[in-house]
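Student: 3D, please:
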Amino acid sequence: MPYCQSEVLKKLIFLLCMLCVLNACNSSSNQLEQILERGELRVVSRYGLTSYYNNGGEMAGFEFELAQRFADFLGVDLKVTVPDNLSKTLDMIENGQADIAAAGLTITRARQNRLRFGPIYHEVTQQLIYRHGSQKPRDITEISTGQLEIVANSSHAEQLANLQQEIPLLSWTENQTIDTSGLLELVQLELIDYTIVDSNEMAASHSLYPELRVAFDISDPQPLAWGMRRNDDMSLQLAVNAFFEEIESSGYLDQLIEKYFGHIRRFDYVDSRAIHRRIQTHLPQYESTFKAAALAYGYDWRFLAAVAYQESHWNPDAVSSTGVRGLMMLTQATANEMGVSEREDPEQSIFAGTAYLTIMKTRLPERIAEPDRTWLALAAYNIGMGHLEDARVLTEKNGGNPDRWADVRENLPLLAKQKWFSQTRHGYARGAEPVRYVGNIRRYYDIMLHHDEVNQNASTPPAEINETLPAAL
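Tutor: Presented below is the predicted three-dimensional model:
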C-alpha cells in the first residue's frame, strides 16, 4: 500500500535518524546498513492462515503484510523464505542468512537465549486439541494413554518439558516435517489423538476442521514478536521499534488485526460441516458462473461464492419469508432494477447480485480503501445503503471512523434502539444482522480459500516456494 505524504515525511525523518545511528556506531557494516545497501529485507516465515499463505496466486497473511509494510517503510524489496521446519527458521536468523523471523513466534526463555525480539504485537495461549466424538480430557494428566504429537522445537515442546517436571508420565512426539495445519489434519483424520496449537491459529482454523475441539489451555498468555539476530548490533532493532511505533500510532496495526482476525468466531459445528459438504456437492455446478461474474466485475470468484453461500447455501430455489429469492436472494425491486426476469435462474441471479454489490461499492465515498470498502458494501447489500449511511453518521458522532468497518460494525446494532434510530434519516433497522452477515461471509471466504489452496498445493511441498516481491512505490 503506497504511503501518503505524511507517511513519506515520517519515513524520511526515520531514515535520517538511522543515518545518525549508523555514524554513531562507527561501522560500515551494521545490519540495517547492509539491508539498505542490499535493497532487500530477508524474512523467514511459515505457512498458515495467521502468517503466510497463497491467496489465489498472490501471497497474503498477517505476518506477510506486516513484513511487506516494514520493507516499504525501509524502501527495500521483500524476500520471504519458508524453511523446512522451525529449527531451521531460528538457525537462519542466528547464522545471518535472514534478517527477521516473522513467523508468529512466542517469546520464551529458551528463544530469548538465541534471538532478540521486537515489540510485542499480540498474545496467545497454547491449547490442547482433540477430535469431536472422542472423550474430552479434563486436564493434562488425562492424555497419557493417547498419542500427542506437536511441531518439533516449538514453544509447545518447551512448555510440555516444563509440565513434565511435575507430571513424569507425560509423553509426546515431536514432528520434524509437519506444520501446525498438518497436525490438525492428522487429529481430524483420527491418525493421532491430540496436538497443541496457539489460540490464534485454532481460532483461524476452527471452521476448516469442524471436527476439532479445544480441550483446555496448557499455558498462560504468551506474547508474539518478530525475532532478530542476537548480537551487539542494535541498528535493526531500532528500525523495527520505530516501525511498530509508527503503525501503532497510525492505526495500521489495529486495521491489520481486524482484517485477519476481526471476523473470527466459533462457528456452529453443523454449519461448518455443511459448507464443507456443499463445496463438494453443490458448488461445482455453479463454479463456472461465479468465475465468469468475477471476471466481468473484478472479484475473486471464491468471494462471490461465499456471498452466495451466506445468502442461499447455493440453493437456486431458496425463498425467504420476506420474498427474496434465488442464489443471491434478490428482492423483486432489485431484480427489476438489474433487469432480471427469473430470480431462480442461477446465472441471472449471480450476475445481478454481483452487479448490485458493485453498485453499492461505487456509492461509497472514494476515500474509503479496501478491504473496508468491500465490508461496508456487503453491509449495504444486506441492510440497504440508507441504513448503512445512518450507521456511519452515528459512528462519527460516537467518535469512531465512519470509513472503517471495525468502527461502523460497533455502531450498526444501535439502529435497533429508539434512542439512536430516532436521530437517523432512515429510522429503525435490525443493525445486528449485517454485522453477522459480513462476519459469516468473511469466514466462508476463508474456507473457500483454504479448500482451493489444499487442492492446488496437494503435491507441492510448501517449503520449496520462495517469493520475492518488489517494494511499493
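Student: count the residues that sit near Ala204.
Tutor: Neighbour count of Ala204, defined by other C-beta atoms under 10 Å: 23. For every residue, glycine as well, the C-beta is placed using N, CA and C.
Student: oh sorry, the question was meant for Gln112
Tutor: Count around Gln112 with other C-beta under 10 Å applied: 12.
Student: with Asp84 instead?
Tutor: Neighbour number of Asp84 under other C-beta under 10 Å is 14.
Student: what secondary structure does Val214 sit in?
Tutor: strand (DSSP: H, G, I helix; E, B strand; the rest coil).
Student: let me see the contact set for the closest residue to it other than its chain neighbours.
Tutor: Nearest residue to Val214 in three dimensions, chain neighbours excluded: Gln127, at 4.8 Å (C-beta to C-beta, 6 or more residues apart in numbering). Counting by C-beta atoms under 8 Å, 6 or more residues apart in numbering, Gln127 touches Ile196, Val197, Asp198, Ser199, Met202, Val214, Ala215, Phe216, Asp217, Ile218.
Student: equivalent analysis for Pro402, please.
Tutor: Arg392, Val393, Thr395, Glu396, Val408.
Student: ramachandran angles for the first one?
Tutor: Translated: Arg392. phi -70, psi -40 (degrees, to the nearest 10).
Student: what does the pLDDT read for it?
Tutor: On pLDDT, Arg392 comes in at 97.
Student: pretty sure it contacts Val408?
Tutor: Yes: with contacts counted by C-beta atoms under 8 Å, Arg392 reaches Val408, the gap being 5.8 Å.
Student: joint contacts of the two?
Tutor: Going by C-beta under 8 Å, 6+ apart, residues that sit against Arg392 and also against Val408 are Leu376, Pro402.
Student: ok, and for the strand or helix carrying Met202, which residues are buried?
Tutor: Here Met202, judged by DSSP states H and E, is contained in helix 199-205. The neighbour-count check on helix 199-205 (16 or more other C-beta atoms under 10 Å) flags Ser199, Asn200, Glu201, Met202, Ala203, Ala204, Ser205 as buried.
Student: can you name the two of those that are farthest apart?
Tutor: Greatest spatial distance among the buried residues of helix 199-205 (C-beta to C-beta): Ser199 and Ser205, at 10.8 Å.
Student: and the residue nearest the centre of the chain, what is it in contact with?
Tutor: Central residue check for the chain by C-alpha atoms, centre = their mean: the C-alpha nearest the mean position is that of Tyr260, 2.7 Å away. By C-beta under 8 Å, 6+ apart, the residues touching Tyr260 are Leu49, Thr50, Gly61, Phe62, Ala204.
Student: find the pair from those with maximum spatial separation.
Tutor: Gly61 and Ala204 (10.2 Å).
Student: can you check which residues contact both of those two?
Tutor: Gly48, Leu49, Thr50, Tyr260.
Student: now the helix or strand containing the last one: average pLDDT?
Tutor: For Tyr260, the element it lies in under DSSP H and E is helix 252-261. For helix 252-261, the mean pLDDT works out to 82.
Student: show me which residues of that helix are buried.
Tutor: Neighbour-count burial for helix 252-261 [16+ other C-beta under 10 Å]: Tyr252, Leu253, Gln255, Leu256, Ile257, Glu258, Lys259, Tyr260.
Student: between those, which is closest to Arg42?
Tutor: So of these, ranked by how close each gets to Arg42 (C-beta to C-beta), first place is Leu256, at 21.3 Å.
Student: wait, that closest one touches Phe62, no?
Tutor: Yes: using C-beta under 8 Å as the test, Leu256 is close enough to Phe62 to be in contact (6.4 Å).
Student: going along the chain, name the helices of the stretch 151-300 of the chain.
Tutor: 155-164, 180-188, 199-205, 235-250, 252-261, 269-281, 284-297 (DSSP state H, counting those that start in this stretch).
Student: any chance of CSV for those helices, columns distance to Val438?
Tutor: What follows is the helices of the stretch 151-300 of the chain, written out as CSV (distance: least, C-beta to C-beta, whole Å):
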stretch, distance to Val438
helix 155-164, 33
helix 180-188, 26
helix 199-205, 17
helix 235-250, 24
helix 252-261, 12
helix 269-281, 16
helix 284-297, 19
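Student: minimum distance to Glu342: which of these has it?
Tutor: Nearest of those (C-beta to C-beta): helix 284-297, 14.2 Å.
Student: quick one: distance of the closest one to the chain centre.
Tutor: Mean C-alpha position of helix 284-297 versus that of the full chain (C-alpha atoms, centre = their mean, to the nearest Å) differs by 24 Å.
Student: mind listing what's buried along it?
Tutor: Taking 16+ other C-beta under 10 Å as the criterion, helix 284-297 shows Tyr286, Thr289, Phe290, Lys291, Ala293, Ala294 as buried.
Student: circling back to that earlier point, return the member of the buried residues of helix 252-261 nearest to Glu344.
Tutor: Lys259 (35.3 Å).
Student: and the residue nearest to that closest one when sequence neighbours are not counted, what are its phi and psi?
Tutor: Nearest non-adjacent residue to Lys259, counting by C-beta to C-beta, 6+ apart: Pro371, 5.9 Å away. The phi and psi values for Pro371, taken as degrees, to the nearest 10, are phi -90, psi 0.
Student: circling back to that earlier point, residues contacting the helix holding Met202, please?
Tutor: Contacts of helix 199-205 (C-beta under 8 Å, 6+ apart): 48-50, 104, 122, 124-127, 129, 180-181, 184, 197, 212, 214, 217, 260-261, 264, 266, 446.
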